[in-house]
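Q: Structure for the following, please:
(chains A and B)
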Amino acid sequence: MTKNTDKPAAPQRPLPTIDNSNRPFWDGARAGELRMQKCCGCGHIRYPISDLCPQCLSGEFEWQRLSGRGKVFSTIVFHQVYHAAFAGEVPYNVSLIQLDEGPRMFSNVVGVPPSEVKVGDAVEPVFDPVTEDVTLPRFRIARAG
Amino acid sequence: MSSIRGKVAIVGLGVTEQGKLPGSTPISLGAEAFKRAIADAGLRKDQIDGLLTMPGTTSPEGPLNYLRLGEALGIDPRYTGSMVMGGGTAGALIQNAVLAIEAGLADCVACVFGDTARTGGSRFSRASGWGDSWGLWGMFGAAANSAVAASRHMALYGTTSRQLAEVAVACRYHASLNPNAVMREPITIEDHQASRWIVEPFRLLDCCLISDGGVCIILTSAERARDLRQPPAIIGGIGQAYTTRNMEREDWWYVPHQKEALSRAFAMAGVGPSDVDVAQLYDNFTMSVLLWLEHAGFCGVGESGSFVEGGRIRLGGDLPVNTAGGNLSESYMEGWLHIVEGARQMRGECGPRQVEGAETCLVTGRGMTLNCSNAMILHRA
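A: From the prediction side, this is the model:
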């Protein structure tokens, strides 16, 4: 048997596979912008990222910068560690965000204790670099005014 | 649409020991359940000409499970296949069996599930979403999806954790009356409130078990059922409904397609919620039971929390739910045991947990990321 004296590698958090289909989203996040696809056929702004508009099936779209503002649609707090990379992060917030421009996305509301986030809270985006290449769009409670 | 009402029956039930079964495999458990089911029905294995299966979470062959199990059982069915819809699979396979029997593609169909999720370490922790999954933001596992529903339901309607506890307490009480249940020690609302957080607003006792076990359910025509060993449970109506969308549907969290599945089953059977004497409602998490109650019309939108208070869904209450203990306390067979218990209630063989005089049972199933749902009405013969 080979004796392994190396420490096990720290578990890596899931990272996006960036390719042509999603690069504008991740480039946008690195530039501090939330970008999503807007259908050239019917104007529907969609998420998750997809080749066809799920409303009208048009394949024509353009990437549009969104305000990133929205409201907390639902909010939960993870205490259980389902992925080893999050062992040091529990308890952490995951919220379903209703964006002002229409789409919904899962993300994290940060900057307040995770259980204090409430459904209906107004939020705005923050851009959190988690690696050199990947910046995650997250949200914080919107500042008044 | 009512053409198959009352035409097909559940005639054989096979359930293995449940819980932690080291040394077992999904195939050994499925095969044992099959043997018990044909003995229960009074059928020989060569009379089973339909085989429909759900692979276990630990089945290496995945959706080729029907081949592997058929080989283990030594049968050559004329109708077969496997389906993967999580907790929606059992009900969907039963419905496939009904259609196959009614269409003359098979006479006796065995629907089989075996799993070693407990000893095999299945954690149901997959992140939903295709491509870049929701796990990028730490959104993992089955509990989280239902927790999203619970969080919003609580915010909109004032539903409380203590009301969720009523579901857990009722299921555990029923399991205490079921010798084959895994968790039989009664619990209180306070026990629920003292259990640790999993994904807020869910505590440990809001969550189903993870179990090893096998289940087999045999169906045949209602006509042929009369000649078999057990009183048949007649299938009065069936319905399915799906959404493949989640983020794109604003009401995804509320699982609105469940209402469509229920309406279809009620309409086919020609009954409504007031006709239901006992219900087996898919309970991966406590919240799921509340949503079924609303969708089935037992109470109004947003009213399920107060509906379950005061033991209403316990034996002796207005609507006994999950009378064998459910996924929460009997065993997590992904809804297969809900169908078994529904049929047993219709046979009248449930002993201390029998709902006296029950003639109509509603059974529901739901799986994947809140996406797949089905409902079935069973009647006493």
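Q: which other helices and strands contact the helix or strand in which B:A72 is found?
A: Assessed by DSSP states H and E, B:A72 sits inside helix B:65-73. For helix B:65-73, the elements it packs on are helix B:26-41, strand B:50-54, strand B:79-82, judged by 3 or more Cβ pairs under 8 Å, 6 or more residues apart in numbering or on different chains; DSSP states H and E. Every C-beta, even on glycine, is put in place using the N, C-alpha and C of the backbone.
Q: So which residues of chain B form helices?
A: B:26-41, B:65-73, B:89-103, B:141-157, B:161-176, B:189-194, B:222-225, B:257-269, B:286-295, B:304-307, B:326-329, B:336-347 (DSSP state H).
Q: Could you dump these into TSV with distance to A:P11, mean neighbour count and mean pLDDT added?
A: As requested, the helices of chain B are exported to TSV (distance: least, Cβ to Cβ, whole Å; neighbours: other Cβ atoms under 10 Å in any protein chain shown; pLDDT from 0 to 100):
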stretch	distance to A:P11	mean neighbour count	mean pLDDT
helix B:26-41	28	23	98
helix B:65-73	31	19	98
helix B:89-103	31	23	98
helix B:141-157	16	23	97
helix B:161-176	31	24	98
helix B:189-194	31	15	98
helix B:222-225	54	17	97
helix B:257-269	36	22	97
helix B:286-295	30	27	98
helix B:304-307	38	21	98
helix B:326-329	30	30	98
helix B:336-347	34	27	98
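Q: Now do residue 88: how many residues are near it, please.
A: Since you didn't name a chain, this refers to chain A. As a burial measure, A:G88 scores 9 neighbours (other Cβ atoms under 10 Å in any protein chain shown).
Q: oops, I was thinking of chain B
A: For B:G88, which is what you asked about, the neighbour count (other Cβ under 10 Å) is 26.
Q: From what I see, it and B:A375 are in contact.
A: No - between B:G88 and B:A375 there is no contact, the gap being 10.6 Å when judged by Cβ atoms under 8 Å.
Q: what is in contact with the two at once?
A: B:G365 (Cβ atoms under 8 Å, 6 or more residues apart in numbering or on different chains).
Q: Let me know how buried B:G81 is, in neighbour terms.
A: Taking other Cβ under 10 Å as the neighbour definition, B:G81 ends up with a count of 16.
Q: next one: the one 3 residues further on
A: When neighbours are defined as other Cβ under 10 Å, B:V84 has 15 of them.
Q: Give me the phi and psi angles of it.
A: Backbone dihedrals for B:V84, given as degrees, to the nearest 10, come out at phi -130, psi 100.
Q: quick one: it and B:E61 touch, right?
A: No - counting by Cβ under 8 Å, B:E61 is not a contact partner of B:V84; they are 11.9 Å apart.
Q: Find residues that contact each of these two.
A: Each of B:P55 lies in contact with both B:V84 and B:E61 under the rule Cβ under 8 Å, 6+ apart.
Q: Make a markdown table from the helices of chain B and add distance to B:D115 to it.
A: Compiled in a markdown table, the helices of chain B are given as follows (distance: least, Cβ to Cβ, whole Å):
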| stretch | distance to B:D115 |
| --- | --- |
| helix B:26-41 | 5 |
| helix B:65-73 | 10 |
| helix B:89-103 | 11 |
| helix B:141-157 | 15 |
| helix B:161-176 | 19 |
| helix B:189-194 | 26 |
| helix B:222-225 | 28 |
| helix B:257-269 | 24 |
| helix B:286-295 | 19 |
| helix B:304-307 | 30 |
| helix B:326-329 | 12 |
| helix B:336-347 | 9 |
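Q: could the helices and strands packed on helix B:65-73 be laid out in a markdown table, adding distance to chain A?
A: Listed next are the helices and strands packed on helix B:65-73 as a markdown table, based on distance: least, Cβ to the nearest Cβ, whole Å:
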| stretch | distance to chain A |
| --- | --- |
| helix B:26-41 | 23 |
| strand B:50-54 | 23 |
| strand B:79-82 | 27 |
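Q: Out of these, the one nearest B:A127 is which?
A: With respect to B:A127, and counting by Cβ to Cβ, the nearest of those is strand B:50-54 at 22.0 Å.
Q: Check which helices and strands that closest one is in contact with.
A: Contact here means 3+ Cβ pairs under 8 Å, 6+ apart; on that basis strand B:50-54 packs against helix B:65-73, strand B:79-82, helix B:89-103, strand B:109-116.
Q: Distance to A:A85 for the ones you listed - can I get that in a markdown table?
A: Supplementary listing: the helices and strands packed on strand B:50-54 in a markdown table, determined by distance: least, Cβ to Cβ, whole Å:
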| stretch | distance to A:A85 |
| --- | --- |
| helix B:65-73 | 32 |
| strand B:79-82 | 33 |
| helix B:89-103 | 31 |
| strand B:109-116 | 27 |
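Q: Out of the ones you listed, which gets nearest to B:G335?
A: Of those, nearest to B:G335 by Cβ to Cβ is helix B:89-103, at 4.6 Å.
Q: residues from the stretch 151-300 of chain B in reach of chain A?
A: Counting by Cβ under 8 Å from any Cβ of the partner chain, the residues of the stretch 151-300 of chain B lying close to chain A are B:151-152, B:155-156, B:196-201, B:245, B:247-248, B:250, B:253.
Q: what's the farthest-apart pair in those?
A: B:R196 and B:E248 (34.1 Å).
Q: Comparing those two, which residue is more hemmed in?
A: Set side by side, B:R196 and B:E248 give different neighbour counts by other Cβ under 10 Å, the larger being at B:E248 (18 against 9).
Q: which residues sit in contact with the more buried one?
A: If a contact means Cβ under 8 Å, 6+ apart, then B:E248 has A:R46, A:Y47, A:P54 as its contacts.
Q: B:Y173 contacts B:R314, doesn't it?
A: Yes - here B:Y173 lies in contact with B:R314, judged by Cβ under 8 Å, at a distance of 5.8 Å.
Q: can you map out the helices along chain A?
A: Chain-ordered helices for chain A, with DSSP H as the definition, fall at A:23-30.
Q: in chain A, what spans have low per-residue confidence?
A: A:1-8, A:145 (pLDDT under 70).
Q: As a check, name the ranges of all strands in it.
A: Listed in chain order, the strands of chain A (DSSP state E) span residues A:34-39, A:45-46, A:61-66, A:70-78, A:92-99, A:104-107, A:122-129, A:135-141.
Q: And the fifth one, what's buried?
A: So that's strand A:92-99. Of the residues in strand A:92-99, A:Y92, A:N93, A:V94, A:S95, A:L96, A:I97, A:Q98, A:L99 count as buried by neighbour count, 16 or more other Cβ atoms under 10 Å in any protein chain shown.
Q: Neighbours of the nearest residue to the fourth one once chain neighbours are set aside, how many?
A: Think A:S95. The shortest distance from A:S95 to any residue other than its chain neighbours is 4.3 Å, reached at A:T75 (Cβ to Cβ, 6 or more residues apart in numbering or on different chains). Counted by other Cβ under 10 Å, the residues lying close to A:T75 total 27.
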